[in-house]
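*Asks:* below is the sequence, then the predicted model.
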Amino acid sequence: MGLVKYIAIFVLGARLSSTDHPLLPIPPLSSWKYRFQALLSQGPSKFPLKNRMFLIFRALMFLIMSPIWVALWTLDDIFFPRYRDIELKNPVFLVGGFRTGSTSLHRALSLDSDRYCSPRFVELAFPFLTIHFLLDGLEWIDKKFGTAIIDGIEKKFQKVLGEECMARHPMAYYEAEEDDVLLAAWHLTGWYICTMFPDSEAWISSGQQTASYSKGEQDKSYMFYLRSIQKVLYRRGDGRELLSKSHLIEFMFILERNIPNAKFVGTVRNPKDTFVSWYALAQAASKVMAAGWNLSVLSAVDSHLKFWDLFTAAELKFFGKDEKDRGDNKVLVPFKTYIASQEDTVRSIYEKFKLPMSEHFEKALVADNDNHKAYKAKRGYDNPSLEDLGISGKVVEERLSDYIDTYKLK
């Protein structure tokens, strides 16, 4: 017990001596407020008792294990302090509404593998270098002895999410993933909350990362995000720049405030054409995460309309209404333009940011043309129609007419 006590004192001292927030990676208080307001104040019709108890248990387990998460975070600071010296010199942040082609464009840009490094799912789900290096060891064992440990981990994770979720949003161990995972899983914030917690009010509140959170809480989430990304670049960045992809439109204001040389690529599409796909993904994922229950169609449709109101307003504010509003560090990519020619779209982005295209990258882009042409050609799912959800394309377009007209998305 004496040794344990001294270790605990050492870890606590290291945490308190850091210039970072002492309780990283624990969520801001507002995130807990929105979560427990939903769990403790809603009527039975919104949260059946079984599902309510499951979600309360999960939230309490997160709180109970908080000392472990803080200890793991602190161990990274003790044993790998140099990771904090990694600079985000010229990062590129790709941001767009759900189902706007941002994943495909991210994959295309990541073909410039000599320039960019993107976080993988496991690095976002477990933002600890101690765990990352442990998994690196398992990868080494697989390669050395022909085992399939990592493959087994990947298959178990995919099984938990289920076939429908994996069909709608494929994820794999070695593939790049959306930054939304990091902030939704650990800080309970961002628009991804809809896939993890089936309550419309908590989703709308948690999604507004500037309006719903104090400046101090925003700074805490930024520091958590920065340190998590620095860990990725420290371990396998090899001097490359960050290429990030997310749907965190409000977080872009925070990033722009803190990273002067950051560049931003926005993907835009008529919400009428994406509404049902994002609705269906959110419903499928939240049903898995809430032990078999999700929002009613009426409640889900209403909250998704509110989401698009807020998301598009934030996009208009961040990217401006025309090219002159965007300066040298922002570019907007309409979905139709990207689908027409991935190669031309990528070239235009590089020209805007004055980035040279290597011969290796150019060849990779050309070779990827066939994959781009097959975009969503083999999807393994069916979406409901807008009429199935009790609305119409006309309703969506009239509601978001300013956004659609400004970005010429009809």
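*Replies:* Perfect, I can see it now. Numbers count the residues shown, from 1 in each chain.
*Asks:* the protein: strands as residue ranges?
*Replies:* Listed in chain order, the strands of the chain (DSSP state E) span 92-96, 116-117, 241-246, 263-268, 330-334.
*Asks:* can you redo these as CSV with mean neighbour count?
*Replies:* For every residue, glycine as well, the C-beta is placed using N, CA and C. Compiled in CSV, those are given as follows (neighbours: other CB atoms under 10 Å):
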stretch, mean neighbour count
strand 92-96, 25
strand 116-117, 21
strand 241-246, 24
strand 263-268, 24
strand 330-334, 20
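*Asks:* possible to save those strands as JSON lines with distance to residue 313 and mean pLDDT?
*Replies:* Formatted as JSON lines, those follow (distance: least, CB to CB, whole Å; pLDDT from 0 to 100):
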{"stretch": "strand 92-96", "distance to residue 313": "14", "mean pLDDT": "98"}
{"stretch": "strand 116-117", "distance to residue 313": "30", "mean pLDDT": "98"}
{"stretch": "strand 241-246", "distance to residue 313": "18", "mean pLDDT": "98"}
{"stretch": "strand 263-268", "distance to residue 313": "13", "mean pLDDT": "98"}
{"stretch": "strand 330-334", "distance to residue 313": "15", "mean pLDDT": "98"}
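*Asks:* among these, which is nearest residue 391?
*Replies:* strand 263-268 (20.7 Å; CB to CB).
*Asks:* okay, the angle between that closest one and strand 92-96?
*Replies:* 20 degrees (axes from the mean of the first three to the mean of the last three CA atoms, to 10 degrees).
*Asks:* save the strands of the chain as CSV, and put in distance to residue 210 too.
*Replies:* Formatted as CSV, the strands of the chain follow (distance: least, CB to CB, whole Å):
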stretch, distance to residue 210
strand 92-96, 14
strand 116-117, 27
strand 241-246, 15
strand 263-268, 16
strand 330-334, 17
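*Asks:* thought residue 262 was touching residue 255?
*Replies:* Yes - between residue 262 and residue 255 a contact is recorded at 5.7 Å, counting by CB atoms under 8 Å.
*Asks:* what sits in contact with each of those two?
*Replies:* Listed as contacting both residue 262 and residue 255 by CB atoms under 8 Å, 6 or more residues apart in numbering are residue 93.
*Asks:* quick one: low-confidence ranges for the stretch 101-250 of the chain?
*Replies:* By pLDDT under 70, the stretch 101-250 of the chain contains no weakly predicted segment.
*Asks:* how long is stretch 342-361 end to end?
*Replies:* End-to-end distance for stretch 342-361, by CA to CA, to the nearest Å: 13 Å.
*Asks:* residue contacts, the residue nearest to the spatial centre of the chain?
*Replies:* In the chain, the residue lying closest to the centroid (CA atoms, centre = their mean) is residue 180, at 1.6 Å. By CB under 8 Å, 6+ apart, the contact list for residue 180 reads 190-192, 246-248.
*Asks:* cool, residue 121 as well?
*Replies:* By CB under 8 Å, 6+ apart, the neighbours of residue 121 are 171-173, 175, 177, 181.
*Asks:* thought residue 274 was touching residue 98, still the case?
*Replies:* Yes - with contacts counted by CB under 8 Å, residue 98 reaches residue 274, the gap being 6.3 Å.
*Asks:* between those two, who's got more neighbours?
*Replies:* Taking other CB atoms under 10 Å, residue 98 and residue 274 do not tie; residue 98 has more neighbours (27 against 19).
*Asks:* nearest residue to the more buried one in space, please, no chain neighbours.
*Replies:* residue 278 (3.8 Å; CB to CB, 6 or more residues apart in numbering).
*Asks:* next, count neighbours for the one you found.
*Replies:* 23.
*Asks:* which residues touch it?
*Replies:* Here residue 278 is in contact with 97-99, 304 (criterion: CB under 8 Å, 6+ apart).
*Asks:* now the residues you listed in JSON lines, with distance to residue 69 and pLDDT?
*Replies:* Output for the contacts of residue 278, formatted as JSON lines (distance: CB to CB, whole Å; pLDDT from 0 to 100):
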{"residue": "97", "distance to residue 69": "31", "pLDDT": "96"}
{"residue": "98", "distance to residue 69": "28", "pLDDT": "92"}
{"residue": "99", "distance to residue 69": "32", "pLDDT": "90"}
{"residue": "304", "distance to residue 69": "32", "pLDDT": "97"}
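*Asks:* rebuild those residues as JSON lines, extending it with distance to residue 354.
*Replies:* Shown next, in JSON lines, are those (distance: CB to CB, whole Å):
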{"residue": "97", "distance to residue 354": "27"}
{"residue": "98", "distance to residue 354": "30"}
{"residue": "99", "distance to residue 354": "30"}
{"residue": "304", "distance to residue 354": "38"}
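*Asks:* just the helices in the stretch 201-350 of the chain please.
*Replies:* 215-236, 249-258, 271-289, 297-319, 335-340, 342-352 (DSSP state H, counting those that start in this stretch).
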